[in-house]
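Engineer: pasting the structure only:
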């Protein structure tokens, strides 16, 4: 039995994790649950799974939860609440599914408390991959992938050394605008950008998939997770989203992990690793699928990939700047302040103005993050 703390229990990854735990009551138990603003759903989850503790962002929501749950479940709130949950003494693994940068502090706290972490929040490794992986090595804990792409690579590598790898291949669906001409990008609406062809996800990650920033962030994440320079991390467009990623070895052999798109599979693998436990939730019929196709990504229409590679090559504080500027630009697009092409342009301008700090401390990373947010916000501010 593994005791799981789930940070971000009411989002898309969180609710999928709840399904996995419900499927495997003899193997997994939810020890802690944290949510942002959806206290109503958090209460339902807590009543169903009876965790040791829960946390919510707002102190008022915390009071209401405490009254509803009584003395059986401890209730925390805010940033401190996330740290309390991430360091619960009985926890074996902490799955971090908080959107944005809020997952970084609890991730480091969990590592320092000797907990394995499962990472669904790309920002943690994009911002501070060097620090996070160093801390994990120092404390002898695992950093496990929840993204379907990184889970696929992890399964294909199976502890093979980095020098045996020629390239890591991240697959991308291409998003809803894979075939849209560049001259039509100015007319892209929020509604259209939220219609992903393969996955059902939250707003931020869905917009990132439309711009391909999601794949760019995954490139940087892969660089740290698998200790391989970003020059050997490549992207190929695979519209069917059946091959979740591939590893190409130095002898020319390639290994791929395949399944119908369902986040429950990589979540379950991360939580039950190193075991594989039976589940009928994911079914894949290759004959019915018929054809799998591949395309080169169009770097002119989707400059996010080039910006992410540049940030990954420069390293230091640049990936944190890329990530922060993108968060601000996506929010501005969702609010109707900028058009779709201006998301990438905002990130480019912010990166161009940044004074890089190599091998940064955590304080340097957080300063760069704050600087980039302020700069990008000034660039997208309305009249």
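Structural biologist: Looks like it arrived, so ask away. Just so you know, these numbers come straight off a predicted model, no measurement behind them.
Engineer: Any idea how many residues pack against the closest residue to residue 146 other than its chain neighbours?
Structural biologist: Residue nearest to residue 146 in three dimensions, not counting chain neighbours: residue 120, with 3.9 Å by CB to CB, 6 or more residues apart in numbering. The C-beta positions use only the backbone N, C-alpha and C, and glycine is treated the same way. Neighbours of residue 120 under the rule other CB atoms under 10 Å: 29.
Engineer: pLDDT weak spots in the chain?
Structural biologist: The model of the chain has pLDDT under 70 over residues 199-200, 382-383.
Engineer: Show me where it has its strands.
Structural biologist: Counting by DSSP state E, the chain has strands at residues 2-7, 28-35, 53-56, 74-77, 93-96, 116-119, 143-145, 165-172, 233-237, 243-249, 254-258.
Engineer: Report the residue ranges of every domain in this protein.
Structural biologist: Here the domain assignment for the chain is 2-145, 150-261+280-302, based on automatic domain parsing.
Engineer: Just say which of those domains is most tucked in.
Structural biologist: Compared across those, domain 2-145 shows the largest average neighbour count, a mean of 20 (mean count of other CB atoms under 10 Å).
Engineer: circling back: columns distance to residue 207 on top of the strands of the chain, output as JSON lines?
Structural biologist: Formatted as JSON lines, those follow (distance: least, CB to CB, whole Å):
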{"stretch": "strand 2-7", "distance to residue 207": "22"}
{"stretch": "strand 28-35", "distance to residue 207": "22"}
{"stretch": "strand 53-56", "distance to residue 207": "25"}
{"stretch": "strand 74-77", "distance to residue 207": "29"}
{"stretch": "strand 93-96", "distance to residue 207": "21"}
{"stretch": "strand 116-119", "distance to residue 207": "20"}
{"stretch": "strand 143-145", "distance to residue 207": "22"}
{"stretch": "strand 165-172", "distance to residue 207": "15"}
{"stretch": "strand 233-237", "distance to residue 207": "18"}
{"stretch": "strand 243-249", "distance to residue 207": "21"}
{"stretch": "strand 254-258", "distance to residue 207": "26"}
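Engineer: To residue 214, which of those strands lies closest?
Structural biologist: Of all those, strand 165-172 sits nearest to residue 214, with 8.0 Å by CB to CB.
Engineer: who's in contact with residue 13?
Structural biologist: If a contact means CB atoms under 8 Å, 6 or more residues apart in numbering, then residue 13 has 95, 97, 120, 146, 263, 267 as its contacts.
Engineer: wait, residue 106
Structural biologist: 7, 82-83, 85-86, 94, 96, 98.
Engineer: Ok, residue 242 next?
Structural biologist: For residue 242, the contacting residues are 258-261, 284, 289, 292, by CB under 8 Å, 6+ apart.
Engineer: quick one on the thing from earlier: in a markdown table: the contacts of residue 106, plus distance to residue 310.
Structural biologist: As requested, those are exported to a markdown table (distance: CB to CB, whole Å):
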| residue | distance to residue 310 |
| --- | --- |
| 7 | 31 |
| 82 | 32 |
| 83 | 34 |
| 85 | 36 |
| 86 | 32 |
| 94 | 32 |
| 96 | 27 |
| 98 | 27 |
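Engineer: Show me which of the contacts of residue 13 is closest to residue 25.
Structural biologist: When these are compared for distance to residue 25 (CB to CB), residue 267 wins out at 15.6 Å.
Engineer: thinking again about what came up before, ok, now which ones touch the residue nearest to residue 146?
Structural biologist: Counting by CB under 8 Å, 6+ apart, residue 120 touches 8, 13, 95-97, 146-147, 267.
Engineer: farthest-separated two in those residues?
Structural biologist: Distances among the contacts of residue 120 were taken as CB to CB; the most separated pair is 8 and 147, at 14.0 Å.
Engineer: what sits against the closest residue to residue 155 other than its chain neighbours?
Structural biologist: For residue 155, ignoring the flanking residues on the chain, the nearest one in space by CB to CB, 6+ apart is residue 257 at 5.0 Å. Residues near residue 257 by CB under 8 Å, 6+ apart: 151-153, 155-156, 243-246.
Engineer: Kindly reformat those as JSON lines containing distance to residue 64.
Structural biologist: Output for those, formatted as JSON lines (distance: CB to CB, whole Å):
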{"residue": "151", "distance to residue 64": "36"}
{"residue": "152", "distance to residue 64": "41"}
{"residue": "153", "distance to residue 64": "42"}
{"residue": "155", "distance to residue 64": "42"}
{"residue": "156", "distance to residue 64": "46"}
{"residue": "243", "distance to residue 64": "46"}
{"residue": "244", "distance to residue 64": "40"}
{"residue": "245", "distance to residue 64": "42"}
{"residue": "246", "distance to residue 64": "48"}
